[in-house]
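Peer 1: Compute the structure for the input listed below.
(2 chains)
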Protein chains: 2
Amino acid sequence: MLVVGENISIVLKVVADAVKERNAEPIVKMAKEQKEAGADYVDLNIGPATKNGEEIMQWLVKSIQSEVDIPLALDTKNISAIEAGLEVHKGCAMINSVTGDKDKLDVLMPMAKKYNSKIVGIALTEKGIPPDVDSRVEIAMDIVNSALEYGVPMEDLYLDPIVLPVAVLQEQVKNCIDALKVFKELKEMMGLPDDPKTIVGLSNVSQSSPKELKSLLNRTYLVILLSNGLDSAIVDPLDRELMNTVKTFDILTNKILYAHSYLE
Amino acid sequence: MLVVGENISIVLKVVADAVKERNAEPIVKMAKEQKEAGADYVDLNIGPATKNGEEIMQWLVKSIQSEVDIPLALDTKNISAIEAGLEVHKGCAMINSVTGDKDKLDVLMPMAKKYNSKIVGIALTEKGIPPDVDSRVEIAMDIVNSALEYGVPMEDLYLDPIVLPVAVLQEQVKNCIDALKVFKELKEMMGLPDDPKTIVGLSNVSQSSPKELKSLLNRTYLVILLSNGLDSAIVDPLDRELMNTVKTFDILTNKILYAHSYLE
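Peer 2: Next comes the predicted model:
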């Protein structure tokens, strides 16, 4: 599984303060510890970033990549901040994310192509959360068609079936599993050259649940999704139990060789 | 998920001593605590039971059911001990288990029918452990055909794809998942009136692994199997983390209604 570390998010005070003061140290530290814990990508969630978005994203990308050798997921609704980040990013970045709205797809897909970036396509539109599995699949098909139109290879497209909080929208949590199953059939359904990849923002499932339930909900849901073919997840890589569960999944499905010491 | 509690097994000294002395107290206690922890059935594994098997099984069934209201899984290679147990069992017992050998099927399937008992059919023959997925499926089909021949309803047949220790036979652990997937297609493949059920002896997966890994291996494997449609498992219901994982699976797949207190 491709692990995207979620911890650098503007909703955290330590990150908001560091960005405000352009103090790279705490952010570099967070990137480093996520990489050491097993993250393959580190997400940079700077929120709407309506003010100075371009400059903030470039500062973050350069500050982190000058100290830590890791690719980044650029996570903001400010599209020109994403492009600014891609301009200075070393290696294969990830655009997180594009919704299924045509005006967004027509800008971000060509951008992913131009910068050889991965791109997350989320089964959501401006109209809101799709009410059922079929509408998620329709949006995913629009996203796949846009990737085909602009020449983004399927291996760089990550479809997100949208994880919602079980405490608030329990039925949608089941719908997400079922949508994922259909996403894994899109290659055959649409006659695609390859399978598009799949990704989720895992921690959403336990949002609004009591703290003591969060890790259990997250890791159980992750195994359900991995069992249904999930390729990647945006997670807290510092959750040791979660990362141990991912390793255990790989052991039990014969992806990595068993040794008594496999957790070490 | 139908939970079968595995703890009353003759391999444990406390059980072996209690049986030897015909001292029901520790065994009744084990049945009671497994039921309270969430077991739907309690397994009585008395081993080969070549000596006094019939009398031991009847004594166990009567001792437990006079104190605890729970159905039992009769688990021994001694077929006449199984029948002796069925004769005195109240409610719907479970025969655990019959292999895919014709001589065994021709005795145990009619017995399951006669006593309206559930029966576990294990994808194994006297020749040993099937080397691959296809041979597991072939044996399962023999078992299904025998159930059809003797009029055992599919809802009472539990097919077991055989869990083996990941520390010893890692590839077989993956094969078991793949065999389970095919078992879930037997209804369509064989034109059956209903789906046969599926079951595993879960703890085998962590046999020979270090103690600190066992629960993690067991519960991760269980979620993988449940995600692939598993109906039942023989487990240690006193493993709180395992049972919490089962509840969490039911929450995330919308089988039981979420409440912040769902673990209590």
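
Peer 1: Tell me the secondary structure of A:Lys32, please.
Peer 2: With DSSP: H, G, I helix; E, B strand; the rest coil as the basis, A:Lys32 sits in helix.

Peer 1: That one: neighbour count?
Peer 2: 15 (other C-beta atoms under 10 Å in any protein chain shown). Backbone N, C-alpha and C define where each C-beta goes, glycine included.

Peer 1: List the residues that contact the nearest residue to it once chain neighbours are set aside.
Peer 2: Take A:Lys32 and drop its neighbours on the chain: the residue closest to it by C-beta to C-beta, 6 or more residues apart in numbering or on different chains is A:Val68, 5.2 Å away. A:Val68 makes contact with A:28, A:31-32, A:35, A:42, according to C-beta atoms under 8 Å, 6 or more residues apart in numbering or on different chains.

Peer 1: And these, which of them are buried?
Peer 2: Restricting the contacts of A:Val68 to buried positions leaves A:28, A:31, A:35, A:42, with burial counted as 16 or more other C-beta atoms under 10 Å in any protein chain shown.

Peer 1: Can you dump the C-alpha atoms of stretch A:160-177 in PDB for me?
Peer 2: What follows is stretch A:160-177, C-alpha atoms only, in PDB (Å, rounded to 0.1, in the frame of the first residue of the first chain):
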ATOM      1  CA  ASP A 160     -11.200   8.200  -4.000                       C
ATOM      2  CA  PRO A 161     -14.600   6.700  -3.200                       C
ATOM      3  CA  ILE A 162     -14.900   9.100  -0.200                       C
ATOM      4  CA  VAL A 163     -14.800   8.000   3.400                       C
ATOM      5  CA  LEU A 164     -17.300   9.600   5.600                       C
ATOM      6  CA  PRO A 165     -17.700   9.500   9.400                       C
ATOM      7  CA  VAL A 166     -19.400   6.300  10.700                       C
ATOM      8  CA  ALA A 167     -20.700   8.200  13.700                       C
ATOM      9  CA  VAL A 168     -22.700  10.600  11.300                       C
ATOM     10  CA  LEU A 169     -23.300   8.800   8.100                       C
ATOM     11  CA  GLN A 170     -23.000   5.000   8.800                       C
ATOM     12  CA  GLU A 171     -24.700   3.900   5.500                       C
ATOM     13  CA  GLN A 172     -22.200   6.000   3.500                       C
ATOM     14  CA  VAL A 173     -19.300   4.000   5.100                       C
ATOM     15  CA  LYS A 174     -20.800   0.900   3.600                       C
ATOM     16  CA  ASN A 175     -21.400   2.700   0.300                       C
ATOM     17  CA  CYS A 176     -17.700   3.600   0.100                       C
ATOM     18  CA  ILE A 177     -16.700  -0.100   0.300                       C
END
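
Peer 1: The residue of the stretch 101-250 of chain A at minimum distance from chain B: neighbour count?
Peer 2: When scored by C-beta to the nearest C-beta, the stretch 101-250 of chain A has A:Ser227 as its residue closest to chain B, at 3.5 Å. When neighbours are defined as other C-beta under 10 Å, A:Ser227 has 20 of them.

Peer 1: ok, now the one 10 residues further on?
Peer 2: Counted with other C-beta under 10 Å, the neighbours of A:Pro237 add up to 23.

Peer 1: shouldn't it be in contact with A:Gln34?
Peer 2: Yes - here A:Pro237 lies in contact with A:Gln34, judged by C-beta atoms under 8 Å, at a distance of 5.0 Å.

Peer 1: Common neighbours of those two, please.
Peer 2: A:5, A:7.

Peer 1: what comes up buried for stretch A:155-174?
Peer 2: A:156-167, A:169-170, A:172-174.

Peer 1: Revised request: answer the last question for stretch A:172-182.
Peer 2: A:172-180, A:182.

Peer 1: which residues does A:Asn7 contact?
Peer 2: A:30, A:34, A:42-43, A:236-238 are the contacts of A:Asn7 under C-beta under 8 Å, 6+ apart.

Peer 1: Let me know the distance separating it from chain B.
Peer 2: 23 Å (C-beta to the nearest C-beta, to the nearest Å).

Peer 1: quick revisit: and the furthest pair within the buried residues of stretch A:172-182?
Peer 2: With C-beta to C-beta as the measure, no two of the buried residues of stretch A:172-182 lie farther apart than A:Val173 and A:Val182, at 15.8 Å.

Peer 1: Return the residues of chain A in contact with chain B.
Peer 2: Chain A has residues A:166-167, A:170-171, A:173-174, A:177, A:205, A:209-210, A:213, A:216-217, A:220-221, A:223-224, A:226-228, A:244-245, A:248-249, A:251-254, A:257-258, A:260, A:263 near chain B, with proximity defined as C-beta under 8 Å from any C-beta of the partner chain.

Peer 1: what sits up against stretch A:228-241?
Peer 2: Here stretch A:228-241 has contacts from A:1-7, A:33-34, A:37-39, A:43, A:73, A:96, A:158, A:177, A:180-181, A:184, A:197-203, A:215, A:218-219, A:222, A:225, A:242-243, B:227, using C-beta under 8 Å, 6+ apart.

Peer 1: In ChimeraX, select just the buried ones from the residues you listed.
Peer 2: Typed into ChimeraX, the line below selects the buried ones among the contacts of stretch A:228-241, using 16+ other C-beta under 10 Å:
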select /A:1,2,3,4,5,6,7,34,37,38,39,43,73,96,158,177,180,184,197,198,199,200,201,202,203,215,218,219,222,225,242,243 /B:227
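
Peer 1: so A:Gln172 sits right up against A:Ile129, yeah?
Peer 2: Yes - counting by C-beta under 8 Å, A:Gln172 does reach A:Ile129; the two are 7.2 Å apart.

Peer 1: Can you check which residues contact both of those two?
Peer 2: With C-beta under 8 Å, 6+ apart as the test, A:Gln172 and A:Ile129 both reach A:162, A:164.

Peer 1: quick one: contacts for the residue of the stretch 101-250 of chain A closest to chain B?
Peer 2: Applying C-beta under 8 Å, 6+ apart, the residues near A:Ser227 are A:249, B:223-224, B:227-228.
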